[in-house]
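[1] Sharing a model that was predicted from the sequence below.
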Amino acid sequence: MTPKTAAQAGTFESSDVLFLIEPLPEKSGRKIELFSTVLHQYGESFNKIVTEMLDDYALTDIHIIARDKGALEPTIKARLETAINRSLQNIQQV
Amino acid sequence: MNFEDTDFRQETIDLGNPFDVKLVKDFLASLDLVFDPSEVESTMIVYNLKGDLVGTGSHQGRILKYIAVATEYRDTTAFALIVTNLTGKLLKIHKHTFVFTRPENAVRFAGLGYTRIATAEPLFTVLEFGFESIRTYQAYLKTLAVPTHNNTVAAIVVNCNPFTNGHKYLIENAAAMNEVVYLFVVEEDRSAFPFSVRWKLIEAGTRHLKNVVMVKGGMYVVSGATFPSYFLKCEEVSTVMQKQAELDVTIFADYIVPVLGITRRYVGTEVYCAVTREYNQAMKKILPPKGVEVIELERKAVGSNTGLNPNYISASKVRQAIREDRLEDVLDFLPEVTRDFLLSDESAAIHAKIKQESSRH
């Protein structure tokens, strides 16, 4: 699928993560910029969660910026999924 | 039982309502901040169910301003809440957001995920966040970089409001003495002549110089984000302005110089504008230690009929002349492209605009 617009989900608050998503031109690939307070401990698993979800949605050309403040896996998934759906315009922007 | 009172509500205040403005003003005054409602576009407040004001934040364009949280709520989520709310709102419109804060508070924004760009001790640190960053601008610069054989790579930053023979003289001189000249054109559209017009006139007026590369100034070269004072009236020289100038030059030295391999920066002597003079001072202080020579050329003058004071070419004199309907007085300040443009119907809107306002740049 192709994201239509730039979108965001999440907050800067502790135990949360903020995702920004931006469509990229075709064939530019995925560009993921992760900044996390627990990068050293959980960076790998964070990237795995993100990659899996992008695979699920078949998103190949996308720019993702993540600012994580120690979000748990369900939070990461929920925020990312919301951001993706907003950028696909599947749900109404609030 | 003690529990944390974190049931915060947020609201955008009505800046047209004096009671709302007073609320924020008094709150900020209690934290030693002076709130100027004319400097913001929108202001939000955070309060709890008891009606206590917990914090506030504002923005003007893509810059976050006046973000403050009451002392007793600093260990709550209020700060993150305000920054999230404002950032989220701005990123729907802009590609990125900026915040200026005191260097000792920069860590709070960095902790949320803002990235530090530069600091001018002891007043400001500027941080940014968003889809784009200074890295995006650096990538743009890389696409323009020209390989060189020797180390004579010059940079000039111009607003050219409008393009005069003075600018042309400076650019021609730099072009003659250097292998490449990167000509940064201030992109911020706050001048009488819009960016597209300034760019077009400069492009036409420097076409004969093959080693001049025109560069868009973006958000990082004398923009409203990095150097707001430049666009204000010039008369007052303040520490704030001086520090903004330092900030702008620091960004230039740290992020732009290395990408393009710049070794010299050219400026004309400043005889009229205090802000620009201050900016030149900041360059002389910051650039040489970072390996960039600052070359100040005597500003070009026309004739010598005004006695001891040479009649220096200046874009503000040109605008003054337009304002007073005596364009013919300054025609010899202008290269052919600008002259033709100003005498054509195309510039009617700009004439009208200049007559209305009195801004220095």
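    Here it is on my side, so go on. These figures come from a predicted structure and were not determined experimentally.
[2] where in the chain is pLDDT low?
    You didn't pick a chain, so chain A it is. Scanning chain A for pLDDT under 70 picks out the ranges A:91-94.
[3] should've been chain B
    In the prediction, chain B carries residues with pLDDT under 70 at positions B:1-6, B:228-237, B:303-309, B:358-361.
[4] show me where it has helices.
    Assignment of helices within chain B using DSSP state H yields the ranges B:18-30, B:78-91, B:106-112, B:134-144, B:165-177, B:195-205, B:239-251, B:257-260, B:274-286, B:315-323, B:336-343, B:348-356.
[5] Tell me the buried residues in the third one?
    By neighbour count with 16 or more other Cβ atoms under 10 Å in any protein chain shown, helix B:106-112 contains the buried residues B:A106, B:R108, B:F109, B:L112. All C-beta spots, glycine's among them, are computed from the backbone N, C-alpha and C.
[6] What of the last one?
    Neighbour-count burial for helix B:348-356, counted by 16+ other Cβ under 10 Å, picks out B:I350, B:H351, B:K353, B:I354.
[7] can you check the first one too?
    Within helix B:18-30, the residues scored as buried using 16+ other Cβ under 10 Å are B:D20, B:V21, B:L23, B:V24, B:K25, B:F27, B:L28.
[8] Using TSV, lay out the helices of chain B together with distance to chain A.
    TSV is the format used below for those (distance: least, Cβ to the nearest Cβ, whole Å):
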stretch	distance to chain A
helix B:18-30	22
helix B:78-91	4
helix B:106-112	4
helix B:134-144	9
helix B:165-177	35
helix B:195-205	24
helix B:239-251	21
helix B:257-260	19
helix B:274-286	28
helix B:315-323	37
helix B:336-343	35
helix B:348-356	33
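[9] and those helices as CSV, adding distance to B:Y66?
    Listed next are the helices of chain B as CSV, based on distance: least, Cβ to Cβ, whole Å:
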stretch, distance to B:Y66
helix B:18-30, 6
helix B:78-91, 10
helix B:106-112, 14
helix B:134-144, 24
helix B:165-177, 37
helix B:195-205, 29
helix B:239-251, 15
helix B:257-260, 33
helix B:274-286, 23
helix B:315-323, 32
helix B:336-343, 40
helix B:348-356, 30
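[10] List the single closest residue to A:S15 in space, sequence neighbours excluded.
    Nearest residue to A:S15 in three dimensions, chain neighbours excluded: A:G70, at 5.6 Å (Cβ to Cβ, 6 or more residues apart in numbering or on different chains).
[11] repeat for B:F8
    B:V46 (5.0 Å).
[12] Chain B contacts on chain A?
    Selection of chain A residues close to chain B by Cβ under 8 Å from any Cβ of the partner chain yields A:6, A:8, A:11-14, A:18, A:20, A:22, A:35, A:37, A:63, A:65, A:67, A:69.
[13] So which of the residues you listed wins on neighbours?
    Neighbours here are counted as other Cβ atoms under 10 Å in any protein chain shown. On that basis the top member of the residues of chain A next to chain B is A:L18, with 27 neighbours.
[14] Checking it next. Helix, strand or coil?
    Using DSSP: H, G, I helix; E, B strand; the rest coil, the three-state assignment for A:L18 comes out as strand.
[15] now the strands: where do they sit in chain A?
    Listed in chain order, the strands of chain A (DSSP state E) span A:7-10, A:17-23, A:30-36, A:62-68.
[16] could I get those as JSON lines with distance to B:L127?
    Supplementary listing: these in JSON lines, determined by distance: least, Cβ to Cβ, whole Å:
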{"stretch": "strand A:7-10", "distance to B:L127": "18"}
{"stretch": "strand A:17-23", "distance to B:L127": "15"}
{"stretch": "strand A:30-36", "distance to B:L127": "13"}
{"stretch": "strand A:62-68", "distance to B:L127": "12"}
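[17] Which residue is the nearest non-sequential neighbour of the residue in chain A that chain B sits nearest to?
    Using Cβ to the nearest Cβ, the single residue of chain A nearest to chain B is A:R67, 3.1 Å away. Take A:R67 and drop its neighbours on the chain: the residue closest to it by Cβ to Cβ, 6+ apart is B:G113, 3.1 Å away.
[18] that older thread, just flag the most distant two among the buried residues of helix B:348-356.
    Spatial extent of those (Cβ to Cβ) is set by the pair B:H351 and B:K353 at 7.3 Å.
[19] To A:A58, which of the helices of chain B lies closest?
    Set against A:A58 and scored by Cβ to Cβ, the helices of chain B come closest in helix B:78-91, at 25.3 Å.
[20] buried stuff in the closest one?
    Within helix B:78-91, the residues that count as buried by 16+ other Cβ under 10 Å are B:78-88, B:90-91.
[21] Give me the helices and strands touching it, please.
    In terms of contact count using 3 or more Cβ pairs under 8 Å, 6 or more residues apart in numbering or on different chains; DSSP states H and E, helix B:78-91 is assigned the packing partners strand B:9-12, strand B:42-47, strand B:53-60, strand B:63-69, strand B:96-101, helix B:106-112, strand B:124-130.
[22] and the third one, is it in reach of chain A?
    No. Taking Cβ under 8 Å from any Cβ as the criterion, strand B:53-60 and chain A are apart, separated by no less than 12.1 Å.
[23] Output that strand as CSV, nothing but the C-alphas.
    Only the C-alpha atoms of strand B:53-60 are listed here, as CSV (Å, rounded to 0.1, in the frame of the first residue of the first chain):
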residue,chain,number,x,y,z
LEU,B,53,-3.3,27.1,35.8
VAL,B,54,-0.7,24.4,35.3
GLY,B,55,1.1,25.5,32.2
THR,B,56,1.0,27.4,28.9
GLY,B,57,2.5,27.3,25.5
SER,B,58,2.3,29.4,22.3
HIS,B,59,3.5,29.4,18.8
GLN,B,60,4.2,31.8,16.0
